[in-house]
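Peer 1: can't give you the sequence, but here's the structure:
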C-alpha cells in the first residue's frame, strides 16, 4: 500500500472514531438513542389549538410557540412542508391561525406577508380537509364543507368489506375519534376569539361550503356525503349513539398507560378533541394522561416551543447499534450491550390491531416509540433483529428467543402480493384514498419495496429463514417493483435513493448471482445520479414529479444510502463502482464537522408522500457512519481491492 493510501486509511479511521465518539456522547444512560423528529409547523399549530380549546394554554409555555413560528416563516411569507419547498398553503394557514390564537394581530408585518402568500394560492377554500376541520372547530370554517363521518362505521363487522380495520393504522387511530368530533360539529370559544375572514380569496360572503369535485367516478362519494348530511339534518342517522359509544370505548381501550394514542400526535390530538366533545372534565385522569403525553412530545428551549409528530427511540437505537458495530465496535462493547438489553425490554408481547387481519401471528415485534402496544411495525422489527444479531449480550438465549419470536411475527405479516407493509396485513383497498375525507391519499398501508427489502436483508444478514415459497414471492415482488431506470421507489425515505439502497442491500444477500442484472441496473442508476460534489441528494418533490428521481442537493444521509447500496452491489457482483464510491466517501469526509457530526437541513424521511415529510436528526449521523464502516471493511477485504 502506498503512502497516499495509508494516509487515506488513517483519515477514514479518524472520521469513524470521531463519529463513534459523538454517538457515545449522546447515548442515554438507560441505553437508548433518541433525537428530534422534525416535521412542518402544523403539528405545533394544532397543539396550540387543542390547548386553547381545553383551556390549558396558560399552563404551557405556548408564548414560545410564537418565536418558533416566526423563525420558521420564510421570506416569501409562507411556511414550508419541507425545507426549501417554496411554501405550502395548508401549512401556512395553520401557522397563521396559531399566531392569531397566540394574540398576534392581523396587522403585524409577518401576518401581512403571510396573508399575501395565502391569498395568492387560493386562500382557505383551497386548503386540505384537515386544515378546514381545525378551522371549523373555532368557527373559522363552516362544518357544511367538512365530509360527514357517520358514527355507525364503528359498528360495521370486521368481516365486512368496509370497516375501520381497512384503514391504515395511522388513519384508523386518527379517524375513530373524529367520528365523535364530526358528529358533534362543535364550535369552541377561544381566548382570544378570532376569525380568519381575511384569508378567503373570494371573500367570506362568497364561499361555497362544499367539497371539491373531481369530475370522475369519485364524485359518487360527494353524493353519498350529501345523503349523510341530509340524514344528520333530520336526525335520522342510524345507530348514532351506539356508534359514538363504540368509538369512545375504542379510544379508551387504546390509550397507553403513558397517555399516548397510536404513538403519533394526530391520533393523540384527535382523541383529546373527542373527549372534549364528550364533555370529559379537564381533571379526569384520562385527560390528564393525554395532555401529559402531548407534553412529552414537545421540545422547549430558552426561546422556542415546538411539538414533534412522533418520537423514534427504538428506531434510532437499533440503527445506532448497527452503525457502531459495523464501524468497528466489539459486539460486547458496554454501549452496545446496554442498548441491546434496552431493546429486548421494548419487545411487544401484546396483541394489537394487526391481529384483526392476521389471525395466525403471535406477538413479538417492536414499535417506533417508547410505548405503543397496539401498533408495532415490520420495519422497526427487522432493523432491531439485525441490531441484536450484531450484539453479544450476557444472555444470548434470551436474545435468540426474542429474535425467533420476531421472525415468526414478521413472516406472518407477509401480504398477498409477496411484500410487506409497515403496520398491517393486506391493508390495500386503494379506493379509500378517493373518499373526500382522504385527500392526503394516506388511508391505506400496502406492501412496499423498502419495507420488503428490509425483511429480506434481515433474513440474509442474520442467516434466518422463512418458508422457501414465501421467500421466493418476496424476491419476485422486489424484482417486479424495479423501475424502468433501474431504481426502486422509497415509501418511508426520500425517495428512490432510499428505496434503491435498501433493495440492493437485500438482493446482495440472497442468491445475488441470480439477481445480478437487477443489482447492476440499480447500481448504475445510483452512479448516474451522483452530484458533481461527489455526494447524492434527492428532493421530496420527486413524489409529485418522478422525473426528478435522484436529483437534489447532496446530503449526508442520502450520500450514505447511495454508498451503502453501491458497496452492497459491489460485494454481490464483484463489479465495484470504485470512482463513484471514492468520490462519495470524499464528500462525507469533507463535510464532517470537527465534533464528528454531519449537518443537513433537508428532510429525508417520508410520512405521507406528497403531503408530510420528516427530518430525523440522527439520520445524518448513523447512516454516514455505517457507510464509512462498510467502506473501511471493503478496503480490507480479500474479495475486493480498492487499489
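Peer 2: Received, thanks. The structure presented is a predicted model; accordingly, all values stated were derived computationally and were not measured.
Peer 1: and residue 111, which of the three is it?
Peer 2: Classification of residue 111 by DSSP: H, G, I helix; E, B strand; the rest coil places it in helix.
Peer 1: with residue 189 instead?
Peer 2: Residue 189 falls in the coil class when you classify it by three-state DSSP.
Peer 1: for the residue found closest to residue 163 once you drop the neighbours it is linked to in the chain, give its distance to residue 77.
Peer 2: Of all residues not flanking residue 163 in the chain, residue 156 sits nearest, at 4.4 Å (Cβ to Cβ, 6 or more residues apart in numbering). Backbone N, C-alpha and C define where each C-beta goes, glycine included. As judged by Cβ to Cβ, to the nearest Å, residue 156 and residue 77 stand 45 Å apart.
Peer 1: same drill for these two, tell me which one is more crowded.
Peer 2: residue 77 (21 against 15; other Cβ atoms under 10 Å).
Peer 1: tell me how far that one lies from residue 354.
Peer 2: Per Cβ to Cβ, residue 77 is found 44 Å from residue 354.
Peer 1: could you pull out the strands for the stretch 251-400 of the chain?
Peer 2: With strands called from DSSP state E, counting those that start in this stretch, the stretch 251-400 of the chain shows them at 298-300, 305-307.
Peer 1: next: the stretch 1-150 of the chain.
Peer 2: Using DSSP E, counting those that start in this stretch, strands in the stretch 1-150 of the chain cover 37-38.
Peer 1: low-confidence ranges, it, go.
Peer 2: 1-7 (pLDDT under 70).
Peer 1: before we move on, what about the chain?
Peer 2: By pLDDT under 70, the low-scoring segments of the chain are 1-7, 637-643.
Peer 1: go again with 80.
Peer 2: Within the chain, the segments meeting pLDDT under 80 span 1-7, 636-643.
Peer 1: re earlier: which residues does the residue nearest to residue 163 contact?
Peer 2: Applying Cβ atoms under 8 Å, 6 or more residues apart in numbering, one finds that residue 156 lies in contact with 162-164.
Peer 1: how near is it to residue 254?
Peer 2: For residue 156, the distance to residue 254 - Cβ to Cβ - is 18 Å.
Peer 1: repeat for residue 439
Peer 2: Counting by Cβ to Cβ, the gap from residue 439 to residue 254 is 25 Å.
Peer 1: what about stretch 405-422, how long is it end to end?
Peer 2: Its start and end residues considered, stretch 405-422 measures 18 Å (Cα to Cα, to the nearest Å).
Peer 1: and what of stretch 79-89?
Peer 2: Counting by Cα to Cα, the terminal residues of stretch 79-89 are separated by 8 Å.
Peer 1: residues in contact with that stretch?
Peer 2: Here stretch 79-89 has contacts from 40-41, 69, 72-74, 76-78, 91-92, 95, 114, 117-118, 121-122, 126-127, 539-541, 601-603, 611-613, 615, using Cβ under 8 Å, 6+ apart.
Peer 1: which parts of the stretch 201-350 of the chain are helices?
Peer 2: 220-233, 240-253, 265-277, 285-296, 313-326, 334-345 (DSSP state H, counting those that start in this stretch).
Peer 1: any chance of the ones you listed in CSV, plus distance to residue 469 and mean neighbour count?
Peer 2: What follows is the helices of the stretch 201-350 of the chain, written out as CSV (distance: least, Cβ to Cβ, whole Å; neighbours: other Cβ atoms under 10 Å):
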stretch, distance to residue 469, mean neighbour count
helix 220-233, 39, 14
helix 240-253, 37, 17
helix 265-277, 37, 25
helix 285-296, 43, 17
helix 313-326, 29, 26
helix 334-345, 31, 20
